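A.B. asks: Mind looking at a prediction? Sequence and model below.
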Amino acid sequence: MLRLRRYSTAKLSIGIRQEAKNRWERRVPLVPDQVERLVKELGATVFIQPSTKRVIPDEKYTAVGAILENDLSKADIILGVKEVPIPDLIKGKTYMYFSHTHKGQHYNMPMLKSVLDKDIRLIDYELLKDKDGRRLVQFSKFAGYAGMIDGLHALGHRLLALGHGNPFLAIGMSYMYRCVADARLDVTRTGQVIMDDGLPKSLGPMIFVIVGDGNVSRGALHVFKCLPHQWVRPEELEALSKSKDFDNHKVYLCQVTAKDFIVDKNGNYDESDYFTKPEKYSSVFHKKIAPYARLILNGIFWTKQYPRLMTIEQSKQLAMEKKLNLLTLADVSCDINGSFEFMGQSSTIDDPFFMYDPIKNETHSNLEGNGIQIMSIDNLPTEMPLEASEFFSESLYPVVAEMVKGNFDHPVVKGATITNDSGKLESQHAHLETVIERTLASQDATVQGSRKILLLGSGFVAKPLVDYLLRNPGYSVTIASNMKEEALNLSQNRPRAPVVPLDVSNKESLGSLVSSHDIVVSFVPATMHPIVAEECLKYNKNLVTASYISPAMKALDNRAKAAGLTLMNEIGLDPGIDHLTACQMFDHVKSNNGIITSFVSWCGGLPAPEVSNNPLGYKFSWSPKGVLLAGLNSAKFKRDGKFIEIPGEQLLASAIDVPIFKGYSFEGLPNRDSNAYIDIYKLDNNHLETMFRGTLRYKGYSELMYMFSQLGCLSTTVNNQLKSGISWGDLMASMVGKNIHLGLTEKLGGNFNQNQIARLSSAISWLEMDAKDREVHPSESVLDAFCALLQEKLVYGKDERDMVAMHHEFGIKWDNGKTETRHSTMIAYGDPTSYSAMAKTVGYPAAIATQMILEGHIKEKGVIAPMSSAIYEPMIEKLDREGISFVESIEK
């Protein structure tokens with residue numbers, strides 16, 4: 001412990017920052033007890049920035065003599081916990097916080113450059129050490145507590161995803177507990193269930209491995225020991241993993257350190273030699289430890305001169321040999337691409353784990369998919385903010401007391417100083433100058449939120465897009481919307497998802513938003529996309545939309561190419577995913593000397609079968625108007641060599657059965673101009689017998705909607721009597737007569753039989769369109785009134801899910817004369833607790849396209865759709881990792 005020294009010089013003042021790195025950061029460097037000592041024992045002035053989320057309220061600080069003050073320029077020394085945003089750094093001050101710079105971390109080199117430019121003395125908590133090199137202040141033990149708790153929580157969910165109910169599911173995230181003792185009690189109760197009921201025997205022995213023996217590992221053990229357990233040595237792991245005689249009423253623990261998996265070329269380990277000449281050594285962790293572990297908690301910190309525990313290639317080899325049984329990696333150290341090279345990103349408290357597929361060397365979010373679940377939260381102690389702050393504060397107080405007395409030459413303080421107040425790096429950190437120069441020159445700094453994405457619109461399909469993009473800690477997504485509450489719900493107050501107002505018609509305001517971001521995603525109505533595109537062209541920004549390429553958008557193609565911009569369109573579901581899979585098949589056939597003789601593509605967003613419980617078999621998540629108007633569009637297609645056109649007023653009467661799977665009762669309607677895609681897809685019209693794109697519905701929808709159309713329910717004519725004061729019963733009477741159900745026969749009997757009219761009559765009653773006490777929503781037209789009614793009556797219930805179905809049929813003729821039909825089908829279901837199927841299948845493709853453009857993987861310029869292999873191949877793989885995939889079959 002650092003001893004206090006007595007000084008009589010004037011005392012320096014202290015400022016305590018309001019933490020702003022993320023919403024979870026609630027810790028403080030000094031608690032009120034230590035502030036009181038500074039004020040009363042040393043006569044120091046302590047300023048504290050007001051904060052409503054700090055774990056200790058402002059009032060407790062002012063009660064012991066601190067002064068509430070937003071402006072910390074009055075303080076000589078400013079204390080924080082996490083990195084200080086560059087704009088908040090005040091020139092000429094002394095700062096103390098976890099800067100994450102002394103290892104040359106590229107992402108914080110811009111901040112270190114600013115520290116130097118502003119003549120700031122920077123002291124880093126991580127470097128405060130005693131004469132024996134032991135750290136004096138740290139949150140490591142709390143990282144260990146939280147890491148083990150969150151790791152057990154993650155393991156429970158991974159096991160469930162693999163089909164195993166298990167007692168670990170009862171363990172929450174660390175932040176859900178008031179204190180460590182409460183969490184340990186929950187783990188103890190889980191242990192009692194394991195003792196009583198056991199773990200699934202089919203899983204084999206549940207082996208936990210803790211790597212390291214420092215404070216992190218000690219914290220993890222403090223939690224783990226609440227489970228019934230048996231210690232095993234590393235050399236016992238292989239035999240235990242193969243044993244049939246293990247006890248599934250307890251878990252097994254192996255704690256390892258470098259001596260257990262680090263060897264030189266002769267298979268030996270010498271600690272002093274290893275730490276002086278680490279290049280002579282390599283890791284055999286992938287042979288001795290990894291094949292047998294179910295959960296690994298990594299508590300050692302890694303630097304580049306030391307060998308990794310396990311490389312990407314080693315993990316791939318184990319997986320390919322089916323020797324990798326690891327379910328969960330709880331990487332508390334969170335060294336990106338460090339000890340475990342494949343751990344390439346940190347996770348967050350909001351989104352605590354992700355999956356890594358070692359064979360594909362790719363991450364994904366499908367918990368039921370292949371690979372290793374990784375929990376790599378980089379701020380674990382924030383989940384236990386009060387106890388962590390109290391522990392930290394008590395250790396930090398002697399250091400702060402020396403600084404208050406101006407003793408910056410104290411060996412502990414001096415040893416932790418990275419930059420001095422002359423704008424220079426201390427000698428032991430001089431090498432960072434080169435790192436700063438190299439980082440800034442290559443623009444390799446991935447500062448949080450450094451790639452700024454502008455999202456226009458906040459509708460329900462936007463959530464998967466925002467969540468997907470925010471997985472990358474280097475991205476921020478500004479949500480611009482004219483629906484403030486909707487946008488705030490989408491943001492969830494995440495620091496990298498700010499909300500701003502949107503008025504697309506205000507070019508100055510729109511231009512200001514576009515110019516300050518790196519890329520624009522437009523989810524506003526399709527008619528507004530050309531307006532947005534003009535601003536993108538003006539400010540040299542790429543654009544992503546999920547809508548069809550309109551003539552107005554297509555007209556911008558040459559300008560976009562000249563500007564070197566990508567204006568990506570048609571990257572949702574339909575259009576979007578349909579292009580990806582269709583073009584993949586077209587190119588495959590062509591590259592194998594085949595010919596496409598027919599192409600039929602169906603797609604539909606529907607309620608899941610179990611909730612298609614209304615006369616139309618259809619439900620709406622948004623305004624029905626677009627869906628109903630689509631039923632009035634004319635359609636063009638080619639069938640059996642003949643070009644066919646269906647006028648809009650007959651479209652709903654043209655439905656045909658679509659027998660994709662026996663379990664679904666589908667019908668379909670032609671969708672717009674299919675023939676235009678003959679050229680778009682670069683197909684040979686001379687050999688193409690059929691070209692058809694259609695919309696799926698459940699059987700009976702089209703007939704019933706056609707009858708509603710014949711009644712006049714889809715009329716867009718302005719009708720003044722609808723603007724106020726009319727009931728549905730009176731409106732229907734004005735359309736078919738006072739006896740509504742008899743009037744249906746008189747009006748429609750010439751075209752429909754009695755069974756059809758009876759079905760329409762039943763639907764009218766179900767919708768309460770014959771009710772005198774149901775008022776028509778004030779509307780311009782009958783169509784608008786009908787839309788308002790459907791939006792009220794055909795709505796998804798709380799626990800109801802939707803479904804998306806897409807089906808392609810490819811007629812193929814090979815160069816040997818043989819023919820075949822290939823089928824490619826996707827069925828995706830929504831999850832009432834997270835994303836709808838429609839939201840996933842629109843939001844994810846748009847998000848992936850955005851990411852690919854930002855990372856330079858899409859080279860194509862101009863107004864484009866996703867039809868080239870450079871786009872569809874990686875995108876199909878990425879969608880597969882999100883659970884969006886196709887089942888293929890061949891019919892000879």
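C.D. replies: Perfect, thanks for sending it. Since we're looking at a predicted model, the values are computed, not measured.
A.B. asks: ok, residue 676 - how many residues close by?
C.D. replies: Neighbour count of residue 676, defined by other Cβ atoms under 10 Å: 12. Yep, even glycine has a C-beta here, placed from its N, CA and C like the rest.
A.B. asks: cool, residue 726 as well?
C.D. replies: With other Cβ under 10 Å as criterion, residue 726 counts 17.
A.B. asks: repeat for residue 326
C.D. replies: Considering only other Cβ under 10 Å, residue 326 is surrounded by 25 other residues.
A.B. asks: what's near enough to touch it?
C.D. replies: 290, 293, 294, 295, 296, 372 (Cβ atoms under 8 Å, 6 or more residues apart in numbering).
A.B. asks: So the fifth one versus residue 506, what's the distance?
C.D. replies: Right, residue 296. Relative to residue 506, residue 296 is positioned 54 Å away (Cβ to Cβ, to the nearest Å).
A.B. asks: Between those two, point out the one with more neighbours.
C.D. replies: residue 296 (26 against 12).
A.B. asks: Give me the helices and strands touching the one helix or strand the more buried one maps to, please.
C.D. replies: Element membership for residue 296 (DSSP states H and E) is strand 295-298. Other helices and strands packing on strand 295-298, by 3 or more Cβ pairs under 8 Å, 6 or more residues apart in numbering; DSSP states H and E, are helix 140-161, strand 207-211, strand 328-331.
A.B. asks: which residues touch it?
C.D. replies: In contact with strand 295-298 (Cβ under 8 Å, 6+ apart) are residues 147-148, 151-152, 155, 206-212, 217, 220, 289-290, 309, 326-333, 339-340.
A.B. asks: how far does the helix or strand following that strand sit from the chain's center?
C.D. replies: Going down the chain from strand 295-298, the next helix or strand is helix 312-320, by DSSP H and E. Offset of helix 312-320 from its chain centre (Cα atoms, centre = their mean, to the nearest Å): 26 Å.
A.B. asks: which outside residues touch helix 312-320?
C.D. replies: 286, 290, 291, 324, 340, 341, 342, 358, 359, 361, 371, 372.
A.B. asks: so the fifth one makes contact with residue 290?
C.D. replies: No: Residue 340 sits out of contact with residue 290 when judged by Cβ atoms under 8 Å, with a separation of 9.4 Å.
A.B. asks: buried sites along the least confident helix or strand in the chain by mean pLDDT?
C.D. replies: Every helix and strand of the chain was ranked by mean pLDDT, DSSP states H and E. The lowest is helix 432-442, at a mean of 78. Neighbour-count burial for helix 432-442 flags 432, 435, 436, 439 (criterion: 16 or more other Cβ atoms under 10 Å).
A.B. asks: do the same with stretch 834-852
C.D. replies: Applying 16+ other Cβ under 10 Å to stretch 834-852 flags 835-852 as buried.
A.B. asks: and it, C-alpha only, in PDB?
C.D. replies: Once non-C-alpha atoms are left out, stretch 834-852 reads as follows in PDB (Å, rounded to 0.1, in the frame of the first residue of the first chain):
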ATOM      1  CA  SER A 834     -37.400  -9.800 -31.100                       C
ATOM      2  CA  TYR A 835     -37.800  -9.400 -34.900                       C
ATOM      3  CA  SER A 836     -40.600 -10.200 -37.300                       C
ATOM      4  CA  ALA A 837     -39.700 -12.300 -40.300                       C
ATOM      5  CA  MET A 838     -40.400  -9.400 -42.600                       C
ATOM      6  CA  ALA A 839     -38.100  -7.100 -40.500                       C
ATOM      7  CA  LYS A 840     -35.300  -9.600 -40.600                       C
ATOM      8  CA  THR A 841     -35.500 -10.300 -44.300                       C
ATOM      9  CA  VAL A 842     -35.600  -6.600 -45.200                       C
ATOM     10  CA  GLY A 843     -33.300  -5.200 -42.500                       C
ATOM     11  CA  TYR A 844     -30.500  -7.700 -42.600                       C
ATOM     12  CA  PRO A 845     -29.800  -7.500 -46.400                       C
ATOM     13  CA  ALA A 846     -29.700  -3.700 -46.200                       C
ATOM     14  CA  ALA A 847     -27.400  -3.800 -43.200                       C
ATOM     15  CA  ILE A 848     -25.000  -6.200 -44.800                       C
ATOM     16  CA  ALA A 849     -24.900  -4.100 -48.000                       C
ATOM     17  CA  THR A 850     -24.200  -1.100 -45.900                       C
ATOM     18  CA  GLN A 851     -21.300  -2.900 -44.200                       C
ATOM     19  CA  MET A 852     -19.900  -4.200 -47.400                       C
END
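A.B. asks: Report the mean per-residue pLDDT for it.
C.D. replies: On average, the pLDDT along stretch 834-852 is 94.
A.B. asks: do stretch 18-30 as well
C.D. replies: Per-residue scores along stretch 18-30 average to 86.
A.B. asks: ok, back up a step: comparing the helices and strands packed on strand 295-298, which comes out most buried?
C.D. replies: Per residue and on average, the most neighbours among the helices and strands packed on strand 295-298 fall to strand 328-331, with a mean of 28 (mean count of other Cβ atoms under 10 Å).
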